[in-house]
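need coordinates for the following:
(one chain, ligands or ions: 1)
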Amino acid sequence: MSGSHAPDDLAERLERRWAIVASVISAALIAAAAFAGIHQATMPQSRVEMVDPTTLHLNGEFIETNLGSALQPDGSVMVRVVGQQYSFTPQCILVPTQTPITFRATSADVIHGFLIEGTNVNTMLVPGFVSTATTRFDQPGERHMPCHEYCSIGHEGMWAIVRIIDKAQFTRMAADRRRLDCVKQ
Ligand SMILES: [Cu+2]
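Numbering: from 1, shown residues only. Alright, predicted model coming up:
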């Protein structure tokens with residue numbers, strides 16, 4: 001009797017062993033997912049900046065006269081951008097070569113994408129939050145900046161241009177104007 005059951009016992013033992021291995025793997029994955037979720041929820045990213053998307057045009061740093069590129073006291077450049085269905089403001093962004101460029105951007109309505117081709121700048125504009133990205137351009141030229149988050153029917157027409165000009169020329173222009181862009185030039 002025991003002889004006839006031996007293969008079944010072996011099969012059952014192996015089956016159990018693999019069931020335990022699979023259960024342990026599943027439990028580890030669930031624990032990892034739970035930890036990541038709870039950790040993210042309880043410890044948000046080091047810097048979350050919020051802004052009211054309904055009053056962007058009325059007050060604060062994203063009012064229209066404050067958009068565009070600003071030469072900072074430390075020599076870097078800060079570019080403020082607003083995305084809305086279906087354009088970016090400014091539509092043509094002017095930046096210098098060989099300079100740290102920080103973008104601060106947000107959305108006035110829905111989620112938009114913020115990507116500058118050929119750079120590390122690739123983020124989302126989420127209404128209610130300020131997105132920041134820092135980059136630098138070595139050569140003069142032009143880069144496309146398409147919205148790459150589907151934002152409704154006009155999405156494919158939503159893009160801006162980043163025009164990179166010589167640093168000395170940019171500095172001269174910045175002496176006359178508080179905020180720079182290349183719209184209508
Ligand atoms: Cu968009």
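
which ones are touching the residue nearest the centre of the chain?
The centroid of the chain falls nearest to Thr123 when counting by Cα atoms, centre = their mean (1.5 Å). Going by Cβ atoms under 8 Å, 6 or more residues apart in numbering, Thr123 touches Gly113, Phe114, Leu115, Ser131, Ala133. To be clear about C-beta, it is placed using only N, CA and C from the backbone, and glycine gets the same treatment.

the third one contacts Asn122, correct?
Yes - under the criterion of Cβ atoms under 8 Å, Leu115 is in contact with Asn122, at a separation of 4.7 Å.

neighbour count for these two, which is higher?
Between Leu115 and Asn122, counted using other Cβ atoms under 10 Å, Leu115 has the larger neighbour count: 19 against 12.

now the more buried one: how far from the ion?
Distance check for Leu115 against the ion: by Cβ to the ion, to the nearest Å, it reads 11 Å.

same question, Glu61
To the ion, Glu61 is 21 Å away according to Cβ to the ion.

show me the contacts for that residue.
Glu61 makes contacts with Arg80, Arg104, as judged by Cβ under 8 Å, 6+ apart.

what's the neighbour count on the spatially closest residue to Pro100 that is not a sequence neighbour?
Nearest non-adjacent residue to Pro100, counting by Cβ to Cβ, 6 or more residues apart in numbering: Ser76, 4.3 Å away. Using other Cβ under 10 Å, Ser76 is surrounded by 15 other residues.
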